[in-house]
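*Asks:* Okay, sequence plus prediction incoming.
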Amino acid sequence: MRALLVVLCFAGMASAHAGIDESGISFAGPGCPADGQGIRVTHSSTEEGRLIIYTPDMSVSLNEGAAFDREACNIVIPVSVGPNERLVLGNPAVFGKESLSTGETLSAKASVFLVGQTGPEVLAEITGNGNNSSDYYKRELAEETLACGQGGLVRASSSLLAQKATTYASGSATLRGLAFDVRIEACN
């Protein structure tokens, strides 16, 4: 089983983890694993303050009779900050593998935001080149700084959409992961 990688990057201090309720992380959507099976939450041993959530691949497949296939997964992370702290969310990235027929299209999308608001988003659009398997990666450099003392539920949304160019085309794609920053900073 391959892994879908969600990377949460915090400001360099260890106390940033105090605002994350790892036991409260939840997943919802047809592209998420049932009952959280296969999900692992770890801290990076090479980068201080990095939280990694592994979950099984999200895949789409175009077979005879299907004009498109779509999967989506939402990850919700409870984050609390003190009155003199603020969240900075952003820099989302998507990466995976595709094997699409000529003309078929793939859209891999991810965004990170505080529930009830909007935030940075990345969209990778790929057009198939004839069943040659290839990797894809796209990152959007954008951040959203929230108000001092504003914590809550941080949502990372991901989706994968493959569409046929012709009736007889076939192919598949996998979202192997998404990455984004969630930093807790001191207010100035």
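*Replies:* Cool, got the structure. Bear in mind the structure is a predicted one, so any value in this text is a computation, not a measurement.

*Asks:* from here on, contacts and neighbour counts on C-alpha atoms
*Replies:* Noted.

*Asks:* Run a quick neighbour tally on the closest residue in space to S172 that isn't next to it in sequence.
*Replies:* In this structure, S172 finds its nearest non-sequential neighbour in S61, 4.2 Å apart by Cα to Cα, 6 or more residues apart in numbering. As a burial measure, S61 scores 20 neighbours (other Cα atoms under 10 Å).

*Asks:* what's the answer for N188, then?
*Replies:* 7.

*Asks:* For it, give its distance to E85.
*Replies:* Counting by Cα to Cα, to the nearest Å, the gap from N188 to E85 is 9 Å.

*Asks:* Repeat that for K164.
*Replies:* 47 Å.

*Asks:* These two - which one has more neighbours?
*Replies:* K164 (25 against 19).

*Asks:* Who's the closest spatial neighbour of the more buried one, skipping the chain neighbours?
*Replies:* E104 is the one closest to K164 (Cα to Cα, 6+ apart), at 4.9 Å.

*Asks:* quick one: that neighbour from Y136, how far?
*Replies:* Taking Cα to Cα, one finds E104 at 15 Å from Y136.

*Asks:* More neighbours: which of these two?
*Replies:* A count of neighbours by other Cα under 10 Å puts E104 above the other of E104 and Y136, at 24 against 16.

*Asks:* if we can go back for a sec, just confirm the residue nearest to S172 contacts K164, I think it does.
*Replies:* No: S61 is not in contact with K164 according to Cα atoms under 8 Å; the separation is 10.1 Å.

*Asks:* what touches both of the two?
*Replies:* S170 (Cα atoms under 8 Å, 6 or more residues apart in numbering).

*Asks:* and the spatially closest residue to S158 that is not a sequence neighbour, how many neighbours?
*Replies:* With sequence-adjacent residues excluded and distances taken as Cα to Cα, 6+ apart, S158 is closest to A110, at 4.3 Å. Counted with other Cα under 10 Å, residues neighbouring A110 total 26.

*Asks:* Correct me if wrong: A110 contacts R155.
*Replies:* No: counting by Cα under 8 Å, A110 does not reach R155; the two are 10.3 Å apart.

*Asks:* Now do the shared contacts for those two.
*Replies:* By Cα under 8 Å, 6+ apart, no residue touches both A110 and R155.

*Asks:* S157 - nearest residue in space that isn't next to it in sequence?
*Replies:* N74 (4.4 Å).

*Asks:* helices or strands next to the helix or strand hosting that neighbour in the packing?
*Replies:* Per DSSP states H and E: N74 is located in strand 68-79. Secondary-structure packing of strand 68-79 (3 or more Cα pairs under 8 Å, 6 or more residues apart in numbering; DSSP states H and E): strand 26-28, strand 58-62, strand 152-163.

*Asks:* name the helices or strands packed onto the first one?
*Replies:* The helices and strands touching strand 26-28, judged by 3+ Cα pairs under 8 Å, 6+ apart, are strand 68-79.
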